[in-house]
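Trainee: Quick check, what structure comes out for this input:
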Amino acid sequence: MTHKQNMISLKRTLRRIAWRAGFDVVRLRRDNIEIGVDPLADMRRFLGDQKKPVILDVGANVGQSVERFSREFPGSLIHSFEPSPTTYQKLLETCKGFPSVKTWNCGIGSEEATLAFQENKHPDMSSFLAPGAASWGEIVKTTEVRVTTLDAFSCEQGLDFIHILKSDTQGYDFEVFKGASRLMDENKIALIYFEFIFSDMYQNLPTFDEVFRYLTGKGFDLVTFYESHFQDEVVGWTDCLFINREFRLRRKGGSPPVSTCSGLGQA
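Mentor: Model (predicted):
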């Protein structure tokens, strides 16, 4: 690994240690505005008094987001998805102390299928996409995994409304969103939080313009970007938060719409 990659790995390790101690680490800014500093604080702001949010944790890895969401939303129901069988075992260990978390050893995409998952020696670099020029690590094996869609999964599980869709799938997030088309059309997702990769980290990545146009066309507005990470002096990746337009307008009152799952197959 390069010095820059080692520094990124060190930052992630230190942040995990802080999370486990009940703290988070954010960059201090002199113009510390209310929105755009801490994504969890922003999600809490938008969800208001919601005590039992439904959270979909797509690309759970070893459970880093499970710990953070469970701390911020102690009454939440979390569905965590991890396609790698090896990493999934570590996710199970993390989730032992969180009874409201359900884990699923499968991938999420735009259609139900069996796909080749590229497993990197660094698990947080594994993806359904092949590595690009800006990637690091190496592929140690390719595993055939089951992939379902969020539309099908939500019907199978009887989920009427999703408060937070978190997606960190190493470049595969656009396919995740396509598989939630029905949920988006019916305004059944309130917040979408995901990592967008600008660099050539994986092959066949969508452009930000494609993803932005898709989400705004589905009734979402961009709230903000969070901390950016750089490769070769240009932005490599960052996290984004989008909010459903209708939810934003009615979040101070009213109830989520009723789910409509007719015609969809089981996951």
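Trainee: Excluding chain neighbours, what is closest to Phe230?
Mentor: Spatial nearest neighbour of Phe230, chain neighbours left out: Gly236 (5.7 Å); criterion: Cβ to Cβ, 6 or more residues apart in numbering. Just so you know, the C-beta spots here come from the backbone N, C-alpha and C atoms, and that holds for glycine as well.
Trainee: mind listing what's buried in stretch 245-253?
Mentor: Across stretch 245-253, burial judged by 16 or more other Cβ atoms under 10 Å covers 247-248, 251.
Trainee: picking that back up, show me the contacts for the residue nearest to Phe230.
Mentor: The neighbours of Gly236, taking Cβ atoms under 8 Å, 6 or more residues apart in numbering as the test, are 134, 197-199, 201, 228-230.
Trainee: Select from these the one having the most neighbours.
Mentor: Per-residue neighbour counts (other Cβ atoms under 10 Å) across these peak at Ile197, which has 24 neighbours.
Trainee: tell me which element the residue lying closest to it once chain neighbours are set aside falls in.
Mentor: Nearest residue to Ile197, sequence neighbours excluded (Cβ to Cβ, 6+ apart): Trp237, at 4.5 Å. The secondary structure element spanning Trp237 is strand 234-244 (assigned by DSSP states H and E).
Trainee: So what's the gap between that strand and the chain middle?
Mentor: Relative to the mean C-alpha coordinate of its chain, strand 234-244 is positioned 11 Å out (Cα atoms, centre = their mean, to the nearest Å).
Trainee: Now do the strands in the stretch 1-150 of the chain.
Mentor: Under the criterion DSSP state E, counting those that start in this stretch, strands of the stretch 1-150 of the chain are mapped to 54-58, 77-81, 101-104, 107-108, 113-120, 139-148.
Trainee: Distance to Gly48 added to those strands, as a markdown table?
Mentor: As requested, the strands of the stretch 1-150 of the chain are exported to a markdown table (distance: least, Cβ to Cβ, whole Å):
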| stretch | distance to Gly48 |
| --- | --- |
| strand 54-58 | 15 |
| strand 77-81 | 17 |
| strand 101-104 | 23 |
| strand 107-108 | 27 |
| strand 113-120 | 37 |
| strand 139-148 | 31 |
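Trainee: circling back to that earlier point, mind picking the lowest-pLDDT entry from the buried residues of stretch 245-253?
Mentor: Taking pLDDT as the measure, the buried residues of stretch 245-253 have their low point at Arg251 (76).
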